[in-house]
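A.B. asks: How does the following fold in three dimensions:
(one chain, ligands or ions: 1)
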Amino acid sequence: MPEVLDRPHVSKRTAPPRPHAVPRSCILIFLVAAASVSSVVHAADDLLTLSIPARVHLLQSEKDPALHTTLTEDDVKRVLNKVNSIVWSQAKVHIELESIRKTTAINDTNVTKDATYKWVVASAPKDSLLKNGLNIFYVKDLTDNGFYNNATGLIFVKDTAKLMEVPGGIDEPLPRVTSHEIGHALGLQHRQDLTNLMASKKSGYLLNAEEIGIARKTALEKFSLAK
Ligand SMILES: [Zn+2]
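C.D. replies: Modelled structure (predicted):
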């Protein structure tokens, strides 16, 4: 980056005295640091946007209040807008809303309601699912705010989710929980820094460079996205 080191020529005759001049080495360190930040920004700018189709299911159940969301289509649109504009724009990943559906839960009384959430996964009708895309189910009440089921690729989020607020965090839980579960669907593991997306039960949403790389690679492999 030789151009960074070029500075305007200042004649020794006309230069004002600099009694508190910063040492030249400090200036160079600053300029080199600024140049590397700017090259990272340019690299991110060059990434192509990856669009992943998503079907949002507002799960409905007359028999099980825990599975019956009361979210509206407007709620979903607001939430997905924040998922995209605040969180996943960092990775140039765009969640493309294919449709919002009221999906009636399968009520199987033989499935035990335990912490494995098999009973929740089993409530999703297979013929309602979007192929080659994300399926995001909103429900009413789970022990956790949400989960990603690796075996089926389904995402479940409870509409009563609550988070611990952290500095710079998002202003409501649902976009953060939805984005976090999308992170799992895109191959990300938990990382317990305070203000990042993959920290558990917190309102932060930052992604680091490694996570952006993993998420984009997984998106390309998993959803056969055209480049
Ligand atoms: Zn998680």
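A.B. asks: ok, Leu134 touching Pro53?
C.D. replies: Yes - using CB atoms under 8 Å as the test, Leu134 is close enough to Pro53 to be in contact (7.2 Å). Where you see a C-beta, it was placed from the backbone N, CA and C, and this is true even at glycine.
A.B. asks: Tell me which of those two has more neighbours.
C.D. replies: Applying other CB atoms under 10 Å to Leu134 and Pro53 shows that Leu134 carries more neighbours, namely 25 against 18.
A.B. asks: residues touching the closest residue in space to that one that isn't next to it in sequence, list them.
C.D. replies: The shortest distance from Leu134 to any non-neighbouring residue, by CB to CB, 6 or more residues apart in numbering, is to Ala54 (4.0 Å). With CB atoms under 8 Å, 6 or more residues apart in numbering as the criterion, the residues that contact Ala54 are Leu80, Ile95, Glu96, Leu97, Glu98, Leu130, Gly133, Leu134, Asn135, Ile136.
A.B. asks: Give the bridge partners for Ala54, please.
C.D. replies: Ala54 has the following beta-bridge partners by DSSP bridges: Leu97, Leu134.
A.B. asks: And it, how far from Val111?
C.D. replies: For Ala54, the distance to Val111 equals 26 Å [CB to CB, to the nearest Å].
A.B. asks: swap in Met198?
C.D. replies: As defined by CB to CB, Met198 lies at a distance of 29 Å from Val111.
A.B. asks: The two: which is more packed in?
C.D. replies: Here Met198 and Val111 are compared on neighbour count by other CB under 10 Å; more neighbours surround Met198, at 21 against 15.
A.B. asks: Please name the nearest non-neighbouring residue to that one.
C.D. replies: Per CB to CB, 6+ apart, closest to Met198 is Arg191, 4.6 Å.
A.B. asks: Need the pLDDT of the one you found.
C.D. replies: At Arg191, the predicted lDDT confidence score is 98.
A.B. asks: Now do the contacts for it.
C.D. replies: Applying CB under 8 Å, 6+ apart, the residues contacting Arg191 are Met198, Ala199, Asn208, Glu211.
A.B. asks: With pLDDT and distance to Val121 as added columns, please give those in CSV.
C.D. replies: Formatted as CSV, the contacts of Arg191 follow (pLDDT from 0 to 100; distance: CB to CB, whole Å):
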residue, pLDDT, distance to Val121
Met198, 98, 22
Ala199, 98, 25
Asn208, 98, 30
Glu211, 98, 26
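A.B. asks: Produce a ChimeraX select command limited to the buried residues of those residues.
C.D. replies: In ChimeraX, a selection of the buried entries from these looks like this (16 or more other CB atoms under 10 Å):
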select :198,199,211
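A.B. asks: Adding secondary structure and distance to Ala115, write the contacts of Arg191 out as a markdown table.
C.D. replies: Supplementary listing: the contacts of Arg191 in a markdown table, determined by DSSP: H, G, I helix; E, B strand; the rest coil; distance: CB to CB, whole Å:
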| residue | secondary structure | distance to Ala115 |
| --- | --- | --- |
| Met198 | coil | 21 |
| Ala199 | coil | 21 |
| Asn208 | coil | 30 |
| Glu211 | helix | 27 |
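A.B. asks: and the residue nearest to Met198, helix, strand or coil?
C.D. replies: Here Arg191 is coil, with the state taken from DSSP: H, G, I helix; E, B strand; the rest coil.
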